[in-house]
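Asker: okay, predicted coordinates and the sequence, questions at the end:
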Amino acid sequence: MSGYLFLAILGLSLIAFYVGRSTANGFVAAGGAQIHSRPIYHGAFAAVWVGIPALILVLLWLLFQDPVIDRLMLSSLPSSLTEGASASRMSLYLSEIRNVASGRIFGEPSPEILAAAERLQAWQAIAQWTMVVVVLALMVLALYIARSRMAPAFRARQNFERALDLLMIFSAVVAVLVTLGIIVSLTFEASRFFRLVPPQEFFFGLNWEPQIAIREDQVAGTGAFGAVPVFTGTLLIAAIALIVAIPVGLFSAIYLVEFANARVRGIVKPILEILAGVPTVVYGFFAVLTVAPAIRQAGSLMGIAISPNSALAAGGVMGIMIIPFISSLSDDALRAVPQSMRDGSLAMGATRSETITRVLLPAALPGIVGGILLAASRAIGETMIVVMAAGLTATLTANPLDGVTTVTVQIVTLLIGDTAFDNPKTLSAFALGLVLFVVTLCLNVAALRIVRRYREKYE
Amino acid sequence: MSDAAPNMPKPFDWSSPQAIAARKRRYAADRRLRLYGLISILTAIGLLGILIASLVVGGYSAFVQTHIAVEFTADAENVPVDDPASGNFRAVVANAVQQLFPELEDDRELRAARDILSSGAPNILRDHLTDNPELIGQSFTLKVPASDPFDQLNKGVIDRNLPEDRRRVSDVDIQLFESLEQRGLVSTPFNWALFFNADSRFPELAGLSGAIVGSFYALLVCFLISFPVGIAAAVYLEEFAPRNRWTDLIEVNINNLAAVPSIVFGLLGLAVFIQLFGLPRSAPLVGGLVLSLMTLPTMIIVTRASLKSIPPSIREAALGIGASKHEVILHHVLPLALPGILTGTIIGLAQALGETAPLLLIGMNAFLTSPPGGVMDPATALPTQIFIWADSPERGFVSRTSAAILVLLGFLIFMNAIAIYLRQRFERRW
């Protein structure tokens, strides 16, 4: 239904375009009068005024139709159902009504629900047809207004360009809106969590057992929301990843910049970039199927018991993933060091390696540190590798052979399956998400600052 | 000249043993550093090689599937002529298996023999007979997939020489299967089901079509949103925006958004699109929306880069003959920048195709046995399908997961190849 409406909007905008253009052509044919804008701009002007407001209206309508109907539905339910019912009970009613209305009937719905489902169908039909009628009327009205403003002297081009400007500004603001959306939604849900669980318990508690019962009949723990073991687990895995990635990435960059010829560079750089392009779910599967068993086997040969989801396997594979980040950013930083510094050092009789370690690395250090910070933020926020290869239980340990859990693993496990937005289990995922967002944001801002300041110094 | 000034230091003797030793040491350090670099690069490339090799070794066997040619008799008693879909195909399969092994009488043995065929055999038979109703009442031979243990047995994943209690198929099973092999009924054709079937609980029937269609819809939504919005935002920031605090803020914001962990976008999608706006869970529409928010910063950054690479002379020439600022952009700059923008778009979409975590949060990891019919239907995507299969315990899913990864990598390589082709074919150097 709404698909046809979008097609209708497109069609009417096209018609408006032709109407506008032929009107302007009419001015030309009538002769005499010099027209201000070319006919095509009259057409574009009409199309924009017919299409864009209608499109905005439809999108808003579709966004708010269901919430409004739900609200109405809840208030229209007989008091025998709603009396003393919790919010989750109410949302269960709603989904049952919706299922019955769309023909998916399980068991015997009560007569109240059946009546409500019929009401829902009627309301949905009303809402849909009103939308179609209102939108079509709006478009016809817009076309009429646009047509009546057209005249030989009408500044159609300027009008059209102003509309374009507004569209472009809106698009640029979308990125800001996304950030705002992230901040607002995370803080909103997290604040609801902190009303149920005090922040000091979350930030300083040493016990993390969030799997509490959502429904009364579930068997689950009593719940504890001390996130410290989750944070230390995240840091442990990220640290292992960096320990793997920094030497490999840095030495590769040094070799590529200072020793390799153009041909080797041309071959090796794209290969390293492939490592960054492999989807993380693939790394996760690699960690579970290949790396973790290999590490376990190596451990049992040496007589060490290694957990099947050890931090070492997850962190090691994550290290492979972030090698290209470190190598390409270090590469940029090393290449940005002016050739004169290199030449000066070599002219003083220093060897290649002395030039690199005593001149180039200190000069490129800010860029390299920036790259490492970006890689660290990537490692902390990485999800699929740890979801597949790291553990679920939060243990407070620094032993890389134990299984630990991370912030991202907890977010995913807490939000897959039963999600009710009124209990600490689900909401704690948003609190973790907020911490994750803030930490990675700080790392990114610091990294970008360092990189930018450094770049300005040599340019 | 003959007597040197007494206060001059003695000239350094470069050929003294100490100097030679020091030089040796310094050159050794030089060679060491070069060696470390080489080792690092070889390590990185070697790890990539191991990754790909383990996928190919694990996954290639899933591209073929063991089939068994069985002679079925669709008697009118079990399959009514006027409504073939309602027939009792289980009985037809049971009869066919009895015919295949006439020597078996024991119920238990017959059941074991029936288990050689996939549990989906009755459904395959039903589809075949509804398509060819003229076969009802006749005998015909149809190749049906073998069930997972026998597929693995045929491919050699299950070792026939292991003691019986350490493999999943019994000695009797192996005897039955070998008798089929001797009669030449076992074949291993290319596994088209991997591409044309939807997901299934049975590895031998599971395929990727649902995931491919779901990924396609999500990427379509993602493209329809991030392409126009990204270009418009980039054009505004690069060509029109005044340099002030607000545009600086937008710019910093875009750079930071590009580095936000993908799972945070999943949380945003869950809280805003599903909770607030009431869009359906698991729908490719929501997946596409979330992915478009993620690719938007990439789109803006690459579009700005390709707008920057258009020389100012083009703009000045157009302005000079009376074009408006908008006309300069629309008629000259954008068309010239388009190859670069498209290259960036394809690379951005390839990234979105491999993204998993946000799709998990909005529920695109559902178990679905049919491909989605539109953007509002529940669906999975390729990476989430990989995640689902990686979690499945059946042996057959291990190789299928690797195969699914190879398919996903194939799509990614294809998209990147198009991007590279576009860049080399259309990019102009000014």
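Answerer: Structure received. Residues are numbered from 1 along each chain as shown, chains lettered A, B, ... in the order given.

Asker: looks like residue B:122 contacts residue B:85 (just checking).
Answerer: No: between residue B:122 and residue B:85 there is no contact under C-beta atoms under 8 Å: 11.6 Å. Quick note: C-beta positions are derived from backbone N, CA and C, even for glycine.

Asker: what bits of the stretch 301-450 of chain A have low per-residue confidence?
Answerer: Scanning the stretch 301-450 of chain A for pLDDT under 70 picks out the ranges A:417-420.

Asker: pick out the residue of it closest to chain B.
Answerer: In the stretch 301-450 of chain A, the residue that lies nearest chain B is residue A:381 (2.5 Å; C-beta to the nearest C-beta).

Asker: quick one: residues contacting residue A:10.
Answerer: residue A:51 (C-beta atoms under 8 Å, 6 or more residues apart in numbering or on different chains).

Asker: that's a strand at it, yeah?
Answerer: No: using DSSP: H, G, I helix; E, B strand; the rest coil, the assignment for residue A:10 is helix, not a strand.

Asker: contacts (any at all) between chain A and stretch B:304-311?
Answerer: No: applying C-beta under 8 Å from any C-beta of the partner chain, one finds stretch B:304-311 separated from chain A by no less than 11.0 Å.

Asker: and the residue of the stretch 251-400 of chain B nearest chain A?
Answerer: Proximity of the stretch 251-400 of chain B to chain A (C-beta to the nearest C-beta) peaks at residue B:261, 2.5 Å away.

Asker: how close does residue A:389 get to residue A:290?
Answerer: 11 Å (C-beta to C-beta, to the nearest Å).

Asker: who's more crowded, these two?
Answerer: Neighbour count, other C-beta atoms under 10 Å in any protein chain shown: between residue A:389 and residue A:290, residue A:389 has more, with 30 against 19.

Asker: so where do the helices sit in the stretch 51-200 of chain A?
Answerer: For the stretch 51-200 of chain A, applying DSSP state H, counting those that start in this stretch gives helices covering A:79-82, A:87-101, A:111-149, A:156-196, A:199-204.

Asker: now the second one: average pLDDT?
Answerer: Mean per-residue pLDDT for helix A:87-101: 75.

Asker: also the third one?
Answerer: Helix A:111-149 shows an average pLDDT of 87 in the prediction.

Asker: by how many degrees do that helix and helix A:87-101 diverge?
Answerer: 80 degrees (axes from the mean of the first three to the mean of the last three C-alpha atoms, to 10 degrees).

Asker: got the contact list for the spatially closest residue to residue A:280 that is not a sequence neighbour?
Answerer: Distances taken as C-beta to C-beta, 6 or more residues apart in numbering or on different chains place residue A:384 nearest to residue A:280, at 4.0 Å, with adjacent residues excluded. Neighbouring residues of residue A:384 by C-beta under 8 Å, 6+ apart: A:279-281, A:283-284, B:356-357, B:383, B:387.

Asker: out of those, who has the most neighbours?
Answerer: Counting neighbours by other C-beta under 10 Å, residue A:281 comes out on top of the contacts of residue A:384 with 30 neighbours.

Asker: quick check: residue A:283 vs residue A:315, distance?
Answerer: Distance from residue A:283 to residue A:315, by C-beta to C-beta: 12 Å.

Asker: just name the most buried of the helices of the stretch 51-200 of chain A.
Answerer: Of all these, helix A:156-196 carries the top mean neighbour count, a mean of 18, counting by mean count of other C-beta atoms under 10 Å in any protein chain shown.

Asker: wondering if that one reaches chain B at all.
Answerer: Yes: using C-beta under 8 Å from any C-beta, helix A:156-196 comes into contact with chain B via A:157, A:161, A:164-165, A:167-176, A:178-179, A:181-182, A:185-186, A:188-189.

Asker: domains of chain B?
Answerer: With domains defined by automatic domain parsing, chain B comprises B:65-161+B:168-189, B:209-426.

Asker: which of the ones you listed has the lowest mean pLDDT?
Answerer: Ranked by mean pLDDT, the domains of chain B bottom out at domain B:65-161+B:168-189, which scores a mean of 83.

Asker: so what's the closest residue in space to residue A:138 that isn't next to it in sequence up against?
Answerer: Nearest in space to residue A:138, with sequence neighbours left out and distances taken as C-beta to C-beta, 6+ apart, is residue A:54 at 5.6 Å. Residue A:54 sits next to A:9, A:12, A:135, A:138-139, A:142 when contact means C-beta under 8 Å, 6+ apart.

Asker: same question, residue B:240
Answerer: Contacts of residue B:240 (C-beta under 8 Å, 6+ apart): A:165, A:168, B:325.

Asker: shouldn't the last one be in contact with residue B:331?
Answerer: No: using C-beta under 8 Å, residue B:325 makes no contact with residue B:331, being 11.2 Å away.

Asker: just give me the neighbour total for residue 347.
Answerer: Answering for chain A, as no chain was given. Neighbourhood size, residue A:347 [other C-beta under 10 Å]: 8.

Asker: wait, chain B was what I had in mind.
Answerer: Around residue B:347 there are 22 residues (other C-beta under 10 Å).

Asker: isn't it up against residue B:420?
Answerer: No: with contact defined as C-beta under 8 Å, residue B:347 does not count as touching residue B:420 (9.6 Å).

Asker: name the SS class of the closest residue to residue A:66 other than its chain neighbours, please.
Answerer: Setting aside the residues directly before and after it, residue A:66 is nearest to residue B:278 in space (C-beta to C-beta, 6+ apart), at 4.2 Å. Here residue B:278 is recorded as coil under three-state DSSP.

Asker: mind pulling up the phi and psi values for residue B:278?
Answerer: Main-chain torsions, residue B:278, degrees, to the nearest 10: phi 70, psi 30.

Asker: can you name the residue of the stretch 151-300 of chain A nearest chain B?
Answerer: Counting by C-beta to the nearest C-beta, the stretch 151-300 of chain A gets nearest chain B through residue A:255, at 2.5 Å.
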